[in-house]
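K.L.:
please find the sequence and the predicted model below.
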Amino acid sequence: MSDKVSLKRSVQNELDAIMPHLKELKDEIGRNPELGSEEYESSSLLVEELRSHGFQVEYPFFEMDTAFKAVYKGMKNGPVIAILCEYDALPGVGHGCGHNIIGTAGIGAGIAVSKLMKGLAGEVWVIGTPAEEGHGPYAGAKVRMASGGVFDGVDVSYMIHPATGKSMVTANFLAVKGVGIEFKGRTAHAAADPHSGVNALNAAMITYMSIHANRQQLRRDANAVIHGIVTEGGLASNIIPDKAVLKFGVRSSDDTYVPTLVDTVVNCAKGAALATGCEVEFTLSNGLKSNIHNKPLEDLFQRVFDELGVEYRDPLELATIPPGGSTDFADVTHVVSGIHPMIGIGGEGYTMHSSDFAGHTLTPEGDKGLEVGAKSLAMASIEILTDPNLLTEIKAEFERNRV
Ligand SMILES: [Zn+2]
Ligand SMILES: [Zn+2]
């Protein structure tokens with residue numbers, strides 16, 4: 001039996017030993033959801049666990065209270081692997097994105113690999129990344145980390161994410177940018193004195209409909225999406241509204257198309273301001289990139305899924321499916337080789353970002369997702385730490401695909 005095969009068996013045994021405790025942690029975080037940038041209890045539970053297994057931990061990390069970086073070094077210098085954790089919840093639906101599974105699978109994989117590091121060259125890092133769902137001041141934490149040099153010296157980075165349906169070795173993510181629009185008008189009595197008013201709500205309505213008028217002309221090959229809401233539109237029906245606020249998001253699989261989509265939204269709002277006599281101000285978010293794929297990493301996770309008996313969607317079929325969501329992990333794939341496999345935990349008929357899915361993470365299927373996720377990350381890490389040719393291929397692919 002080769003070294004690699006026996007090490008992969010050992011890392012699974014290590015995970016089997018701590019799995020009952022990891023499941024408890026997953027459920028505890030799942031039952032006590034904390035919004036992004038406020039994940040104090042969740043991050044501290046994960047950090048305590050890593051510390052108790054001998055990791056050197058920085059917490060808070062990178063000027064974010066709920067971020068952490070945990071490092072475990074091997075017998076000498078070698079490949080550096082960064083496993084990423086998320087643990088933020090959503091308003092109203094708790095862990096409807098299953099980040100309680102991501103966090104516990106990430107630390108579980110890191111701990112299991114650390115048990116074998118005395119015989120291996122390299123380092124395993126576990127990085128806690130807050131606010132993936134975009135809530136609070138740490139929103140886009142991975143973007144900040146990627147652009148701020150956190151991944152300097154890292155060779156490969158990955159995380160898993162639970163999903164409904166079958167597993168996927170990789171996923172396509174859209175670039176996204178947020179556009180906030182605020183119209184300022186002037187209040188007046190809506191019936192007695194309307195000619196003295198400037199109606200900000202009308203500007204918001206015209207903006208919304210002008211954006212609709214552009215949808216047919218959007219590039220379908222670029223998977224363009226524009227979505228938005230009106231968050232403020234007046235205080236009483238007998239007052240001409242002097243303030244209206246809209247929040248839009250524009251997305252595309254082509255990062256270079258995003259500025260055009262932003263211009264479309266901005267121009268619709270400028271036109272509405274001119275039409276109604278309102279003033280308009282814009283707030284643009286930093287945005288997220290689309291992800292860069294890495295074929296050798298995809299093949300690696302496919303192998304690992306096969307070994308674990310995980311059913312997954314055909315990667316060739318996946319390439320033809322338009323991407324749906326966005327993640328700040330995509331920015332990480334622009335600075336280091338990375339992959340974000342999805343672990344199917346069943347729950348067909350449920351949708352992500354729902355309380356049903358949050359509840360599903362606490363069932364035996366959620367437990368299985370945690371186990372498969374942690375084992376996939378741990379086994380992939382063993383392959384990379386023990387196979388210099390594989391790492392060379394992964395890094396060469398990164399250099400070829402980077403933009
Ligand atoms: Zn989500
Ligand atoms: Zn998520």
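P.N.:
Looks like it arrived, so ask away. Ligands and ions are numbered 1, 2, ... in the order given.
K.L.:
how about low-confidence regions in the chain?
P.N.:
Flagging of the chain using pLDDT under 70 yields the residue ranges 1-2.
K.L.:
what's the next secondary structure element after the lengthiest helix in it?
P.N.:
If you go by DSSP state H, the chain has its longest helix at helix 3-31. Counting by DSSP states H and E, the element after helix 3-31 in chain order, helix or strand, is helix 40-52.
K.L.:
which residue is nearest the centroid of this protein?
P.N.:
Closest to where the C-alpha atoms of the chain average out (C-alpha atoms, centre = their mean) is residue 327, at 3.4 Å.
K.L.:
that residue contacts residue 173, correct?
P.N.:
Yes. Counting by C-beta atoms under 8 Å, residue 327 does reach residue 173; the two are 5.3 Å apart. C-betas here are computed from N, CA, C, even on glycine.
K.L.:
now the common contact residues for those two.
P.N.:
Listed as contacting both residue 327 and residue 173 by C-beta atoms under 8 Å, 6 or more residues apart in numbering are 288, 291, 340.
K.L.:
mind listing the helices for the stretch 251-400 of the chain?
P.N.:
Ranges of helices in the stretch 251-400 of the chain, per DSSP state H, counting those that start in this stretch, are 258-276, 295-308, 315-318, 329-332, 355-360, 364-386, 388-401.
K.L.:
please read the previous query as pertaining to the stretch 51-200 of the chain.
P.N.:
Going by DSSP H, counting those that start in this stretch, the stretch 51-200 of the chain shows helices at 99-114, 141-147, 200-214.
K.L.:
give me whichever of the ones you listed is most buried.
P.N.:
Stretch with highest mean neighbour count among the helices of the stretch 51-200 of the chain: helix 99-114 (a mean of 29; mean count of other C-beta atoms under 10 Å).
K.L.:
show me what that one is packed up against.
P.N.:
With contacts taken as 3 or more C-beta pairs under 8 Å, 6 or more residues apart in numbering; DSSP states H and E, helix 99-114 sits against helix 3-31, helix 40-52, strand 68-73, strand 76-85, strand 121-128, strand 161-163, helix 364-386.
K.L.:
to residue 355, which of the ones you listed lies closest?
P.N.:
Taking C-beta to C-beta, helix 3-31 is the member of the helices and strands packed on helix 99-114 nearest to residue 355, at 11.6 Å.
K.L.:
which strands or helices does that closest one pack on?
P.N.:
Helix 3-31 packs on helix 40-52, helix 99-114, helix 364-386, going by 3+ C-beta pairs under 8 Å, 6+ apart.
K.L.:
neighbours of residue 300, how many?
P.N.:
Neighbour count of residue 300, defined by other C-beta atoms under 10 Å: 25.
K.L.:
surely it is in contact with residue 390?
P.N.:
Yes. Taking contacts as C-beta under 8 Å, residue 300 lies within contact range of residue 390: 7.0 Å.
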